[in-house]
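Undergrad: after the sequence you'll find the predicted model.
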Amino acid sequence: MARHLPVTMGIVLAVSLHADWHLARSHHHGLLNPGLNWPYHWAATAVVFGVVGLIIARFWPRRRWHSGLMALVAGVVIAQLIEPMAEAAVFQQRLGYASEAGRWAAFWQALVAAVPTYLLALWLGAKRTTELELANERCN
């Protein structure tokens, strides 16, 4: 799992960013493509980013910064580059990029809230793990 950690966690972050778009936008595109028009969409994304950061920090404390940043880059690239192109190809039967202004606004709002939460979780989540490991080594 450690070898695929950045990709796996990046996909989780990408799904979270994509779900954020559905929480933020105001219009529906059929039953399977809802828009919920929630003004606090960024809060849900920040929570998911924080949990992913905490998971990375707890289980891989020594590689948390490398793996965490790789997962963040993978998540952003998948969510804001690959997914809109796939959406245009599948739903609009064209090669292109879905670049609605609302999508970018929701994306930046989510990142402004989620990235600091993510980095804080990477930092604080491992701090306690490292302290526990040192305490356990002293006891043994």
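TA: Arrived safely.

Undergrad: chain center to the helix or strand containing residue 5: distance?
TA: Using DSSP states H and E, residue 5 sits within helix 5-24. Here the centre of helix 5-24 is set off from its chain's centre by 4 Å, with C-alpha atoms, centre = their mean, to the nearest Å.

Undergrad: just the C-alphas of the next helix or strand after that helix, formatted as CSV.
TA: Next helix or strand after helix 5-24 toward the C-terminus (DSSP H and E): helix 41-59. Presented in CSV, the C-alpha positions along helix 41-59 are these (Å, rounded to 0.1, in the frame of the first residue of the first chain):
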residue,chain,number,x,y,z
HIS,A,41,-19.5,23.4,0.1
TRP,A,42,-15.8,24.1,1.0
ALA,A,43,-16.4,22.9,4.6
ALA,A,44,-17.1,19.3,3.5
THR,A,45,-14.1,19.3,1.3
ALA,A,46,-11.9,20.6,4.1
VAL,A,47,-13.0,17.9,6.4
VAL,A,48,-12.2,15.2,3.9
PHE,A,49,-8.8,16.7,3.2
GLY,A,50,-8.1,16.9,6.9
VAL,A,51,-9.0,13.2,7.4
VAL,A,52,-6.9,12.1,4.5
GLY,A,53,-4.0,14.2,5.8
LEU,A,54,-4.4,12.6,9.2
ILE,A,55,-4.5,9.1,7.8
ILE,A,56,-1.2,9.7,5.9
ALA,A,57,0.4,11.3,8.9
ARG,A,58,-0.6,8.5,11.3
PHE,A,59,0.2,5.5,9.1
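
Undergrad: please identify the buried residues of helix 41-59?
TA: 41-42, 44-46, 48-57, 59 (16 or more other C-beta atoms under 10 Å). The C-beta positions use only the backbone N, C-alpha and C, and glycine is treated the same way.
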